[in-house]
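Colleague: Any chance you could fold what I've pasted below:
(2 chains)
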Amino acid sequence: MAEMLSARPETDASGGSKGKKRRPAAPTERVSWSLALLAVPGVVYFLVFAYLPMAGLVVAFKDFNVSDGIFGSPWNGLDNFEYFISTGSAARIILNTVFLNALFLTATLAWGLLLAIMLNEIRLHMYKRVTQSVVFFPYFVSPIVISVMLQVLLAGVGGEGGAVNDMLNVFNLPTLTWYTEPGAWPWILTVVKVWQLGGYMSVIFLAAITAIPPDVYEAGVIDGASRARMAWSITVPLLRPTAAILVVLGIGRIFYGDFAVIYAIIGDNGVLFSTTDVIDTYVFRALRSLGDFGTTAAVGLFQAVLGFIFVTIAVLIQRRYARDSSIL
Amino acid sequence: MTSSHTLSRRGFLGMTGSLGLAAAFGLSSCGNDSGSGSSGGGGTVTAIMPGTVPTGWDAVLEQVNEKLEADTGLTLRAEFINWSNYQEQALLKFTAGEKFDNALQALWLNMAQLQQDGALADLTDEWGTYENLSATLDSRLIESNSWDGKLWGIPQVNSAGRCQHFAVRQDLADELGFSEITDFETLERFFYAVKEKDDGTIPFGVGSGSGYLNVMPVPAGMLNAASWEDPHTIAKAFSGRGLFFIFARDAVDTGSSRPVPFWEDEGAIDAMHRIRQYYQDGIINKDAINTDSDTIGDQWTAGKYAANWAMTDGLTSNAMPALTKAVPGAMLANVLPYSGGFDAKPNQTFQADNLVVVNANGGSVENALTLQDWLSIKENHDLVEYGIEGTHWEPVGDDKFEALGDYEFPGYSLCWRASLQRKASYMTESEDRVFAWAQDFDNFTVDPFASFIPDTEPVEKELSAMESVITEFANPLYYGIVDVDDQLDKLKKAAEGAGLEKLQAEMEKQADAYLSNNA
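Modeller: Numbers count the residues shown, from 1 in each chain, chains lettered A, B, ... in the order given. Purely as a prediction, here's the structure:
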């Protein structure tokens, strides 16, 4: 039976046999039991934590009541969506979310790529390993710790100065009360994200670099290319598929604000909201004030749908203009 | 041979689907298993409380359950949820239909929503049947914590009146020539004297999260000088926070509440200007809006501030051991700068900040109130509140205790009773006086809107939008980090866009109805 299935000829629309175009018994046609077993934990994880909770999305269309619960609460159509869209802050919040994420994505990708190329050039093995670990370490630092570090740097204990202002004083430059300057914060947060994710991104790019065949570099050496020239003309172009995947993944989450970091740093400092308030922080405050799961679920669904649309557009653009590096 | 080692795609999908269903059933059955096991007359009583598990809790719980089971047939199961997640997680537990008996709730959490959604058990006809419990609850306390005549939670209080005020470093005050501070003007002079001393001490430490307490008359706003002169107005918000309204002073006489947003109150406006000045002069910490109150508390006990927020709950002196360790010779005084002193009779709603509510959908009223009754017996109360006698504490006289270890139970979430609380042996004379004053209902004036709990349902969306407006535009005013006039213009404009008119009209409608019903 197994052999019959794997050798089944393809048929055309009329049901006629295309005898010459038999598909080989490709590995995709069959899944090994042992491989399936290996996949079970991952499949269960996604079923339990990603797919089953989707049932709860119905609350986005309900007038939520604690006693009736998610499934028992009465339907209210699109009222929950209307609330978010009609709020005076919606446009600004969406713009902030997209702008900040675009900044984060661009900066972390660029810095990760640069770091990977620089790390790749280090010849001393031990030094390379240590440097790699050091730049990767911030990825594990808790947002709360990052928030405290920023306070020490930008405000100091009691808001009396901070290390950055102390340094500005040394050079007789004007100091700033950073936590009341909204204009500076997209850039401060970008620096934080680059510090936090640059090492992580560089590891992904480094892994891709190791997959580049050495003979390509050997050809470059024979042609007399410098290390910089090879990095620019060989490494960077061959990393395009990896960068493309990261861009598409990033775009998929472009409507998701980095809640943990932004809320830990900004908190309820309304002065900074004009440039830092993102969908997630706004929703959290709404949930905190009224405990209305309906409106928060509606915003979550809105984010997911827009994210899906953006990913689709990004993939289509890639396939149109850079098919070789497209992931689909 | 092949078929025994490979799996078709359809088979693989079928298997994963089955796993998903199995997981779903597994999870749902897990959900139904948790919680209390009895609907009364024995079993387990499950209590949800905020905070971390107290040091030494296992040993205390063992003794509690031994005695509780012998006395009532019940055992206690306590579930602690970290404060930072408590509000959301407690709400989720009610939403998910979990089986538990009681939980800490309050207006500043989600109590109004839970009550309006029918998630809380009505205790009106129940609490009086428990002898020990009713003996420790003053009738005025019950009356003020009843909403439209119905009691939805057991108030957890350790004093009659709860008045925010200042904890002041008396050693610094003495050094700077302020032997006793009794009014706001002297307190302000003390602040500036500390600043002029210029030894790095910040005169007044302010934390984020409750900045409105600096401005709103409740009945006194910390930095609202007018409210210390005349503490007879209590600002009211729909859900205990967000946009505060101030009612007309003659509301009871006219039957018309005529609420106005706080920015139309002269005292509040003056407070915002004062706070701005304090910010610019370095009287308050400049990082207040970004520094949580726990951090301020740590800095307070490290000697960073000359004054800090305090409450008439007898807990100010708890800072003494750490403070005197960091600053040898430090002394504390509790300063209530009412112009009328202890005779000011400030307004009070007597609404408890913390209540133990019973889960209507998965809890047992009988079990929860049996536990409350058992905790109303001094011996049992002391065991839970202070730990094992001789190990965690020892009595000092009849009404004081000396802590012997690190055991700290969040008594306000289960067993606070004004008549049973012991005072710390190191309580300062000043706090002892303030705490004793706060125990007597007759030292306060009952607010005309004492048991008025606004219904949020008709204006839910506007309230959510307004909460965001208040956080963005009013919060900076509470900490003085922006120019007052410019920011007030922005606040008013944003508030109008968020539905101020509807909120004000709804508040007036409900408040007038309350006055009419209580005339």
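
Colleague: Quick one: neighbours of B:M466, just the number.
Modeller: With neighbours defined by other Cβ atoms under 10 Å in any protein chain shown, the count for B:M466 comes to 26. In short, each C-beta sits where N, CA and C put it, glycine included.

Colleague: Can you name every helix or strand that the lengthiest helix in chain A contacts?
Modeller: Looking across chain A with DSSP state H, the single longest helix is helix A:90-121. If you count contacts as 3 or more Cβ pairs under 8 Å, 6 or more residues apart in numbering or on different chains; DSSP states H and E, helix A:90-121 packs onto helix A:125-136, helix A:185-210, helix A:240-252, helix A:273-276, helix A:279-290.

Colleague: For the residue nearest to B:D287 when sequence neighbours are not counted, give me phi and psi.
Modeller: Spatial nearest neighbour of B:D287, chain neighbours left out: A:G159 (3.2 Å); criterion: Cβ to Cβ, 6 or more residues apart in numbering or on different chains. A:G159 adopts backbone torsions of phi 70, psi 30, taken as degrees, to the nearest 10.

Colleague: shouldn't A:G159 be in contact with B:K286?
Modeller: Yes. A:G159 is within contact range of B:K286, at 2.9 Å (criterion: Cβ atoms under 8 Å).

Colleague: any residues in contact with both of these two?
Modeller: Residues within reach of A:G159 and of B:K286 at once, by Cβ atoms under 8 Å, 6 or more residues apart in numbering or on different chains, are A:T177.

Colleague: quick revisit: count the neighbours of the residue nearest to B:D287 for me.
Modeller: 26.

Colleague: what's the spacing between it and B:V206?
Modeller: Separation of A:G159 from B:V206 (Cβ to Cβ, to the nearest Å): 10 Å.

Colleague: joint contacts of these two?
Modeller: Joint contacts of A:G159 and B:V206 (Cβ under 8 Å, 6+ apart) are B:N285, B:A288.

Colleague: May I see the helices and strands packed on helix A:90-121 organised as JSON lines, with mean pLDDT added?
Modeller: Output for the helices and strands packed on helix A:90-121, formatted as JSON lines (pLDDT from 0 to 100):
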{"stretch": "helix A:125-136", "mean pLDDT": "90"}
{"stretch": "helix A:185-210", "mean pLDDT": "93"}
{"stretch": "helix A:240-252", "mean pLDDT": "85"}
{"stretch": "helix A:273-276", "mean pLDDT": "92"}
{"stretch": "helix A:279-290", "mean pLDDT": "80"}
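
Colleague: Is B:I48 in a helix, a strand, or coil?
Modeller: Classification of B:I48 using DSSP: H, G, I helix; E, B strand; the rest coil returns strand.

Colleague: Now for the residue nearest to it when sequence neighbours are not counted, how many residues are close by?
Modeller: Closest residue to B:I48 apart from its sequence neighbours, by Cβ to Cβ, 6+ apart: B:A103 at 3.8 Å. By other Cβ under 10 Å, the residues close to B:A103 number 32.

Colleague: try A:V192
Modeller: Neighbours around A:V192, by other Cβ under 10 Å: 22.

Colleague: remind me which residues of the chain are low pLDDT?
Modeller: Let's take chain A. Along chain A, segments meeting pLDDT under 70 span A:1-31, A:87, A:290, A:322-328.

Colleague: please go with chain B instead
Modeller: Using pLDDT under 70, the flagged stretches of chain B are B:1-42.

Colleague: if I pick the residue positioned nearest the centre of chain B, what's in contact with it?
Modeller: Nearest to the geometric centre of chain B sits B:D353, at 4.4 Å (Cα atoms, centre = their mean). The contact partners of B:D353, by Cβ under 8 Å, 6+ apart, come to B:A106, B:W108, B:V157, B:R162, B:Y412.

Colleague: Let me know the closest of those residues to chain A.
Modeller: Using Cβ to the nearest Cβ, B:W108 is the member of the contacts of B:D353 that lies nearest chain A, at 10.7 Å.
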